[in-house]
Each structure stands twice: as C-alpha cells, then as structure tokens.
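Undergrad: task: produce atomic coordinates for the following.
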Amino acid sequence: MRADPIDAYQPVHAQVGAMFAARRQSRGDPQATGPAILEIVDAEKPPLRVFFGDGPLEIIHAEYERRLALWDEWAELSVRAHGSKD
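TA: Sure, this is the predicted structure:
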C-alpha cells in the first residue's frame, strides 16, 4: 500500500527514479560477492562497514562532503553553544 503522491515531491521522485534506472544498467556479478566477503573475513584488520558495488562509495563521498561543508559553515555557532570555558 502506498500513499497518494504529493506533487511538491515530484522532482525528488523523478531524481531518485533516474538514479535507480541508471544503477539497473550496471548490475554487478553476484558471484563476485562471496570472494569479497571472504577477503574481508580473512583480513588482519577487517572494516566494520564496507560498500559493495561501484556506486555507493561515490554517493556517500558526495553526501559527506555536503554535510561537512554545512557543519563547517555553522562551526563557530556550534562552539559558542558549548558555553564559556571559565
């Protein structure tokens, strides 16, 4: 069951739909996942989290760059909100 779409969100729905359509054009090979998992399991220092595929890392880099820029923009206020160190 889905809610009725809200017209104001149509541009976002279109963007997300285009992103998923593009990803479907480049499906990976499921047989490659098992060896990748075993390599992580056997690693001396395995990562807590890892992305599989050729798209997620690029997406998350862009998102964190955006977040860091926003946090940097508000850093002075953030420090002031801590209050006096006296």
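
Undergrad: where is the longest helix in the chain?
TA: helix 56-73 (DSSP state H).

Undergrad: ok, residues contacting it?
TA: Contact with helix 56-73 is made by 51, 78, as judged by C-beta atoms under 8 Å, 6 or more residues apart in numbering. Every residue, glycine included, has its C-beta placed from N, CA and C.

Undergrad: report the buried residues of the helix or strand following that helix.
TA: Next along the chain after helix 56-73, taking DSSP states H and E as the criterion, comes helix 75-80. Residues of helix 75-80 classed as buried by neighbour count (16 or more other C-beta atoms under 10 Å): none.

Undergrad: pLDDT score assigned to residue 27?
TA: Listed pLDDT for residue 27 reads 79.

Undergrad: just give me the neighbour total for it.
TA: 8 (other C-beta atoms under 10 Å).

Undergrad: next one: it from residue 20, what distance?
TA: 12 Å (C-beta to C-beta, to the nearest Å).

Undergrad: now residue 28
TA: 15 Å.

Undergrad: who's more crowded, those two?
TA: Just comparing residue 28 and residue 20: by other C-beta under 10 Å the higher neighbour count belongs to residue 28, 12 against 9.

Undergrad: right, and that one touches residue 53 too?
TA: Yes - using C-beta atoms under 8 Å, residue 28 is in contact with residue 53, at 5.6 Å.
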